[in-house]
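1. Next come a sequence and a model predicted from it.
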Amino acid sequence: MEPVLSVKGLNLYYGSTQALKNVSIDLPEKQVTALIGPSGCGKSTFLKTLDRMNDLVPGVTINGSVQYRGLEIYAPDVDVTWLRRQIGMVFQKPNPFPMSIYDNIAYGPRTHGVRDRKHLDEIVEKSLRGAAIWDEVKDRLKKSALGLSGGQQQRICIARALAVEPDVLLMDEATSALDPISTSKIEDLIADLKNTYTIVIVTHNMQQATRVSDKCAFFLLGELVESGDTGQMFSMPREKRTEDYITGRFG
Amino acid sequence: MSMNILSIPTHFKGSFGRQKHVRKALERVMHGIFFFFGIVAVGFVLLISAYLIFSGLPAIREIGLRNFLFGTVWKSTAAQPEFGILPFLLTSVYGTAGAMLVGVPVGFMTAMFLSKVAPRPLAAIVRPAVDLLAGIPSVVYGLIGMIVLVPTIRSVFDLSDGACLLAAILVLAIMILPSIVSVSETALNAVPKEYEDASLALGATEIETYFRVSAPAAKSGIAAAIVLGIGRAIGEAMAILMVAGNVANMPTLFSSVTFLTTAIAKEMSYSSGLQRQALFSIALVLFLFIMLINIGLNLLLKRGKEG
Ligand SMILES: Nc1ncnc2c1ncn2[C@@H]1O[C@H](COP(=O)(O)OP(=O)(O)OP(=O)(O)O)[C@@H](O)[C@H]1O
Ligand SMILES: [Mg+2]
């Protein structure tokens, strides 16, 4: 099967320092790919190249190829807003807008032209259900999203991303700010979402990577050291450096 | 050696003890000084309020509150004097509202431009220019309004005299710009970048993001900017004295008008008797008016913050 995202020879520079070095990887459809590696190795940077959020950082240079379903996403005629609708993102720190829960979820669809109240109601409910938080918030949709707990806020952010019906979901350490119960809720959610979406997560938690991911990619100092099936990588890593990292010998 | 080391702590202990005493006393003195200055500020406010009330009430009692507030004719020096300040009241309300109507959108857009859109070098030129506007004395605004704006309005709208409410509104709008721009810009700069990132990641454009996420997130700061602008506009006298024409007409856009402030400013120097007392009453009305607006807007702001 064709990969949803296919990266070849990707280099990224912040000014003159190189943050990604010749990265090549395919991300298969409806699978969870986990990006692991020590802090500062370029996981977030790599994730952001996939929905072009790096465009916003001044002084970034990118070369190499990133294809989304066969389309070169850094080609000059690509509509970035269209791309970001296809490829949603959930950030490390829950960042709901300072608005009501309803308006948070409806933000994306409204931005993309949905005005009909009933249709919006449907999207909001469907997205909140999809993010496994409908039952907790259905009676307080008009209340500010900032009044929710961190774990609830993060699921609101996931729901908000789902509301624009993306194809791919990128999650950068989406559970690192959360308690174990919220974390396991979101892990269950990821397992559920992969029936519909292609998912890429960044995590520092090796157990989490083994629990939720199908594929795994290990980064070190901007290089992609090794990638493959999660089970295989954790039981029989090909590279010494991978083995050292997953067994906790450095990083 | 060891004796020496042992003796040091006791020596320190003594001096610390004394220091503690001195510091405590100093602390108390400083508290007293702060308290005194705090009281002085409050005292002035109370003094001014009391003075305005005492000197403003007699004329209102003599003229009658209804006649004073809702009378449409002001003829303070006529043989049969009339003291109706409705023209001034309405002019102040319309003038301030008009200045806000022009100044707030322009100021907000400028703030948005400076905070989010402008390339750094350009912002570095525009920002000080706007700040400079704040430092220009109001008499200079009046002067330029008189020399440039008034004749322009006269010829553009084909009037016999260009000194009118419109001229005053435009001058006020420019005068309130700097405070609106700088306060809104500060508020917009303080919007967490995470909000904007989230919006962009959902496929919103940058402009959509600024208007639909950044601006609402900065709304209490922007409201504060508006309050500040209203305060400045409603209290301004000198600049509009020079461009508004100063006839006690009921206000229309092109009529020569008098504001609450300019009514006091232009007559005070030669007033006497009831006329003089009535001017104090106008000051009282202006004072209450500003208080009311401030309280109302503060309540609004508080509600906005909680909601
Ligand atoms: N905006 C930026 N400007 C300059 N350098 C940056 C920027 N963002 C990241 N870097 C650098 O790029 C490298 C990779 O950073 P990145 O945030 O991708 O790491 P990470 O693997 O996500 O780390 P962590 O696990 O701590 O989140 C780091 O050396 C970092 O200092
Ligand atoms: Mg990171």
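-> Perfect, thanks for sending it. Ligands and ions are numbered 1, 2, ... in the order given.

2. so where is chain A shaky, pLDDT-wise?
-> Confidence mapping of chain A against pLDDT under 70 gives the ranges A:249-251.

3. What ranges does the chain have for its strands?
-> No chain specified, so I'll use chain A. Using DSSP state E, the strands of chain A run over residues A:5-14, A:17-27, A:32-36, A:60-68, A:71-72, A:87-90, A:168-172, A:198-202, A:215-220, A:223-229.

4. Chain B was what I was after
-> With strands called from DSSP E, chain B shows them at B:74-75, B:82-83.

5. Turn the ones you listed into JSON lines, including mean pLDDT and mean neighbour count.
-> Where you see a C-beta, it was placed from the backbone N, CA and C, and this is true even at glycine. Compiled in JSON lines, the strands of chain B are given as follows (pLDDT from 0 to 100; neighbours: other Cβ atoms under 10 Å in any protein chain shown):
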{"stretch": "strand B:74-75", "mean pLDDT": "92", "mean neighbour count": "18"}
{"stretch": "strand B:82-83", "mean pLDDT": "92", "mean neighbour count": "18"}
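
6. out of these, which comes closest to ligand 1?
-> strand B:74-75 (64.3 Å; Cβ to the nearest ligand atom).

7. Mind giving me the packing neighbours of the closest one?
-> Other elements packing on strand B:74-75 under the criterion 3 or more Cβ pairs under 8 Å, 6 or more residues apart in numbering or on different chains; DSSP states H and E are strand B:82-83.

8. and B:Met175, how far is that from B:Ala168?
-> Counting by Cβ to Cβ, to the nearest Å, the gap between B:Met175 and B:Ala168 amounts to 10 Å.

9. what's the answer for B:Thr258, then?
-> Where B:Ala168 is concerned, B:Thr258 sits at a distance of 10 Å (Cβ to Cβ).

10. So for these two, which residue has more residues nearby?
-> For B:Thr258 and B:Ala168, the more surrounded residue by other Cβ atoms under 10 Å in any protein chain shown is B:Ala168, and the numbers stand at 34 against 27.

11. what does the model give the more buried one for pLDDT?
-> Looking at B:Ala168, its pLDDT stands at 97.

12. residues bridging contact with B:Thr258 and B:Ala168, i.e. touching both?
-> In the contact map built from Cβ atoms under 8 Å, 6 or more residues apart in numbering or on different chains, the residues linked to both B:Thr258 and B:Ala168 are B:Ala244.

13. Ok, which of the strands of chain A comes nearest B:Pro137?
-> With respect to B:Pro137, and counting by Cβ to Cβ, the nearest of the strands of chain A is strand A:60-68 at 47.2 Å.

14. okay, that closest one in CSV with CA atoms only?
-> Provided in CSV are the C-alpha atoms of strand A:60-68 (Å, rounded to 0.1, in the frame of the first residue of the first chain):
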residue,chain,number,x,y,z
VAL,A,60,14.3,28.0,8.6
THR,A,61,15.6,26.3,5.4
ILE,A,62,14.3,23.0,4.3
ASN,A,63,15.4,20.8,1.5
GLY,A,64,14.5,17.3,0.4
SER,A,65,11.2,15.8,-0.4
VAL,A,66,8.0,15.4,1.7
GLN,A,67,5.1,13.9,-0.2
TYR,A,68,1.6,13.7,1.1
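
15. Could you see whether ligand 1 lies near it?
-> No. Contact of strand A:60-68 with ligand 1 (Cβ under 6 Å from any ligand atom) is absent, the minimum separation being 7.6 Å.
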